[in-house]
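Visitor: Fold the following, please.
(one chain, ligands or ions: 2)
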Amino acid sequence: MSEATGQATVGQKVKPVTARAYAAQSPTSGLAGITIPRRDPRPQDVQIEILYCGVCHSDLHQVRNEWKEVLPTVYPCVPGHEIVGRVVKVGSAVKKFKEGDVAAVGCMVDSDRKCANCLAGEEQYCEQLPTFTYNFPDKVLGGVTYGGYSESIVVDEAFVLRVSDKLNLAGAAPLLCAGITTYSPLKHWNVGRGQKVGIVGLGGLGHMGVKFAKAFGANVVLFTTSAGKTEDALRLGADEVVISRNAAEMQKHAGSFHFILDTASAQHDINAYLTLLKLDGTLTMLGAPEKPLPVAVFNLLFGRHRLAGSGIGGIRQTQEMLDFCAEHGITADIEMIKIQQIDEAYERLVKSDVKYRFVIDMASLKV
Ligand code: NAP
Ligand code: ZN
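Guide: Numbers count the residues shown, from 1 in each chain. Ligands and ions are numbered 1, 2, ... in the order given. Model (predicted):
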């Protein structure tokens, strides 16, 4: 172990143990049962029995190798980065957790912890890249990291979050990615009272974006391609719903938005949203479609518009978000599935047919 950072390096003596999991063996194989290596907890580690794992559209992009240009998939791939479970074992140096506690893990399990971005609490922008929870080089065991579609995970306590037992734990799981990914940019761009804010797409991220933007006091407009989601969007907190494929409806909102958060997972016309911004308005991209999206530069010049992006959130802010959710009773609206239904759930994600996050009941892995 490095004295300076307290981190392990590949080759450190750790006892490998095994865990049951679900993995994809290729972009087209679908997912099936597998046994994966985990480590016996080091002094700073927490071992968590996973109760629930949310299903993010990123899991699907990764499993199908849709991000091959940036984050090529290593098979077998065990996805899952919306993890809530119970602590079953802690290392001797662990301070924040004890056996029996509820604990959670999101999209990262480590980072270099010493670059300027890590020191600023923005580990998601670690200059060396954070160690993502799955499909990323595992600094301890070697190989790649395996995610939450699994019965257990072992993580350094610095990257483990606390979840209030006031919250429904299955509904809390999606907060670890969909929650923080929408909370962070809304905070960063100071979204709140007196502002007109757009959320594009009512899926996992989008429905959390609606809930947070509403909780922060904004006037929230939801853009959807699915007319059937209108009533739900209003119930979730939207003040107005616009069917984005209706050009006349879109045009009514031209030049009126302070801020728009775009969560669409597939190719779409972002120019249609840039023209809806006010002077100095910002369109922030969260969705990560497979191919580049064309931008007509005049849509930036007219109105001094900004086009931005945002990636998940740091550990400190993730804890802040979880505490905010406990205080305000916010969780995701979920459809619980068994692990054996995961391929079907992915097919429904592709069709924008989820209300509004699938969460896997990990007890189904033991059946
Ligand atoms: P999701 O639950 O599948 O929701 C995506 C929504 O996008 C759909 O429900 C649909 O909403 C809309 N949509 C889909 N295809 C569209 C199209 N062709 N045109 C316009 N809208 C479309 O996905 P998610 O889990 O929320 O993830 C959304 C995206 O964010 C994914 O690309 C994911 O990889 C990415 N992501 C990014 C980060 C980050 O850190 N930036 C973190 C997590 C996920 P409607 O039916 O309402 O139109
Ligand atoms: Zn995610």
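Visitor: I'd guess H258 is in a strand, am I close?
Guide: Yes - when DSSP: H, G, I helix; E, B strand; the rest coil is applied, H258 is found to be in a strand.
Visitor: Give the burial count for Q195, as a bare number.
Guide: Neighbourhood size, Q195 [other Cβ atoms under 10 Å]: 19. Where you see a C-beta, it was placed from the backbone N, CA and C, and this is true even at glycine.
Visitor: wait, does stretch 315-324 contact ligand 1?
Guide: No - Stretch 315-324 stays clear of ligand 1 (Cβ under 6 Å from any ligand atom), getting no nearer than 11.9 Å.
Visitor: Can you list the buried residues in that stretch?
Guide: I315, Q317, T318, Q319, E320, M321, L322, F324 (16 or more other Cβ atoms under 10 Å).
Visitor: Just want the most central residue of the protein.
Guide: Central residue of the chain (Cα atoms, centre = their mean): C177, 2.2 Å from the mean position.
Visitor: just checking, it touches M108?
Guide: No - taking Cβ atoms under 8 Å as the definition, C177 is not a contact partner of M108, at 10.3 Å.
Visitor: How about the contacts made by the closest residue to ligand 1 within the stretch 51-200 of the chain?
Guide: Closest approach of the stretch 51-200 of the chain to ligand 1 (Cβ to the nearest ligand atom) occurs at H57, with a separation of 3.1 Å. With contact set as Cβ atoms under 8 Å, 6 or more residues apart in numbering, H57 has these partners: G203, G204, L205, S265, G287, L349.
Visitor: which one among these gets closest to ligand 1?
Guide: G203 (1.8 Å).
Visitor: and the residue nearest to L365 when sequence neighbours are not counted, what are its phi and psi?
Guide: Nearest-residue entry for L365: I339, 5.1 Å, with adjacent residues in sequence omitted and distances by Cβ to Cβ, 6 or more residues apart in numbering. Dihedral angles phi and psi of I339 (degrees, to the nearest 10) take the values phi -60, psi -30.
Visitor: begin at 58 from here
Guide: OK, 58 is where the count begins now, so the last one is I396.
Visitor: re earlier: so what sits against both of C234 and M165?
Guide: I369.
Visitor: for the stretch 58-207 of the chain, what are the low-confidence residue spans?
Guide: Filtered on pLDDT under 70, the stretch 58-207 of the chain yields the residue ranges 58-70.
Visitor: Can you name the residue of it nearest to ligand 2?
Guide: Of all residues in the stretch 58-207 of the chain, C113 sits closest to ligand 2, with a separation of 3.0 Å (Cβ to the ion).
Visitor: how close does that residue get to C164?
Guide: To C164, C113 is 9 Å away according to Cβ to Cβ, to the nearest Å.
Visitor: Identify the contacts common to the two.
Guide: H138, C234.
Visitor: interface residues of this protein facing ligand 1?
Guide: 113-115, 118, 234-235, 238, 258-263, 281-283, 286, 320-325, 343-345, 367-369, 406, 409, 411.
Visitor: quick revisit: ok, C113 and C164, which is more surrounded?
Guide: A side-by-side neighbour count of C113 and C164, using other Cβ under 10 Å, places C113 first with 28 against 25.
Visitor: which ones are touching that one?
Guide: Counting by Cβ under 8 Å, 6+ apart, C113 has contacts P136, H138, E139, P231, C234, A235, G261.
Visitor: Over to A365?
Guide: Taking Cβ under 8 Å, 6+ apart as the test, what A365 contacts is P242, T339, L340, T341, M342.
Visitor: Which positions in the helix or strand where the fourth one lies come out as buried?
Guide: T341 is part of strand 334-342, with elements assigned from DSSP states H and E. Along strand 334-342, the positions that meet the burial threshold by neighbour count (16+ other Cβ under 10 Å) are L334, K335, G338, T339, L340, T341, M342.
Visitor: residue ranges of the strands in the stretch 208-357 of the chain, please?
Guide: 209-213, 218-219, 253-257, 276-281, 297-300, 314-319, 334-342 (DSSP state E, counting those that start in this stretch).
Visitor: Take those strands and write them to TSV, including distance to M307 and mean pLDDT.
Guide: Formatted as TSV, those follow (distance: least, Cβ to Cβ, whole Å; pLDDT from 0 to 100):
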stretch	distance to M307	mean pLDDT
strand 209-213	43	98
strand 218-219	38	98
strand 253-257	10	98
strand 276-281	8	98
strand 297-300	6	98
strand 314-319	11	98
strand 334-342	13	98
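Visitor: Highest mean neighbour count out of those strands?
Guide: The highest mean neighbour count among these, using mean count of other Cβ atoms under 10 Å, belongs to strand 253-257: a mean of 27.
Visitor: For it, which helices and strands make contact with it?
Guide: Judged by 3 or more Cβ pairs under 8 Å, 6 or more residues apart in numbering; DSSP states H and E, strand 253-257 is in contact with helix 261-272, strand 276-281, strand 314-319.
Visitor: TSV for those, including distance to I391?
Guide: Below are these laid out as TSV (distance: least, Cβ to Cβ, whole Å):
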stretch	distance to I391
helix 261-272	9
strand 276-281	19
strand 314-319	21
